[in-house]
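S.K.: what's the 3D shape of this:
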Amino acid sequence: MAFSQISTAMGGMMKKVLISVVEDDRFLRESMGRLMRSMGYTVGIFSSAADFLASPRLAETACLIADIHMPAMTGLELYRRLIDTGNAIPTILVTAFPNDADRARALNDGVLCYLPKPVDEDHLTKCVCAALSSAGSPEQES
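M.R.: Residues are numbered from 1 along each chain as shown. Prediction:
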């Protein structure tokens with residue numbers, strides 16, 4: 001499937017949708033950022049949950065992709081913090097250590113996708129599209 005650039009109309013101007021990636025592994029963070037940019041998204045990359053929470057880009061994030069296992073605050077803890085503070089962002093969690101208990105907990109809490117690493121690009125693409133649809137962003141397939 002090919003996806004066209006996704007934009008939202010804001011005050012007569014077109015603005016790209018922002019995907020935020022929170023990943024403590026620099027290589028994975030940068031490669032996921034490159035993948036999202038290649039799909040036409042604006043990308044914010046953060047090395048920790050704390051960096052993302054302190055970012056002015058938090059409010060404009062349409063989809064969050066976060067690693068589960070990070071120091072200080074896990075991806076699932078980040079998701080819960082966002083919910084608790086009224087910042088519900090459609091979230092995709094990725095992990096190098098998948099297990100059924102964490103998957104069930106994440107999905108029951110409202111996380112859209114729980115993906116094992118290495119992340120399958122097609123599955124990630126489908127999850128991002130589902131996240132943007134759930135957030136009310138206009139989605140166009142070509």
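S.K.: Ser20 against Thr61, yeah?
M.R.: Yes - using C-beta atoms under 8 Å, Ser20 is in contact with Thr61, at 4.4 Å. Where C-beta positions appear, they are placed from N, C-alpha and C, glycine not excepted.
S.K.: Mind listing the residues bridging to Ala66?
M.R.: Ala66 has these beta-bridge partners by DSSP bridges: Val22, Leu93.
S.K.: Tell me the pLDDT of it.
M.R.: pLDDT for Ala66: 98.
S.K.: Near it, how many other residues are there?
M.R.: Counted with other C-beta atoms under 10 Å, the neighbours of Ala66 add up to 28.
S.K.: ok, now which ones touch it?
M.R.: Going by C-beta atoms under 8 Å, 6 or more residues apart in numbering, Ala66 touches 21-23, 49, 52, 75, 78-79, 91-94.
S.K.: switch the cut-off to 6 Å
M.R.: Ala66 makes contact with 22, 75, 78, 93, according to C-beta atoms under 6 Å, 6 or more residues apart in numbering.
S.K.: Next, find the distance separating Thr95 from Met36.
M.R.: 18 Å (C-beta to C-beta, to the nearest Å).
S.K.: And for Asp51?
M.R.: 17 Å.
S.K.: more crowded one of these two?
M.R.: Met36 (24 against 12).
S.K.: Tell me which stretches of the chain form strands.
M.R.: For the chain, applying DSSP state E gives strands covering 7-10, 13-16, 18-22, 42-46, 61-67, 91-95, 113-116.
S.K.: Let's have those strands in CSV, adding distance to Cys127.
M.R.: Shown next, in CSV, are the strands of the chain (distance: least, C-beta to C-beta, whole Å):
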stretch, distance to Cys127
strand 7-10, 19
strand 13-16, 19
strand 18-22, 11
strand 42-46, 15
strand 61-67, 8
strand 91-95, 5
strand 113-116, 4
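S.K.: Could you list the low-pLDDT ranges of the chain?
M.R.: 1-15, 136-142 (pLDDT under 70).
S.K.: quick one, helices of it?
M.R.: Taking DSSP state H as the test, the helices found in the chain are 26-38, 49-53, 75-84, 100-109, 121-134.
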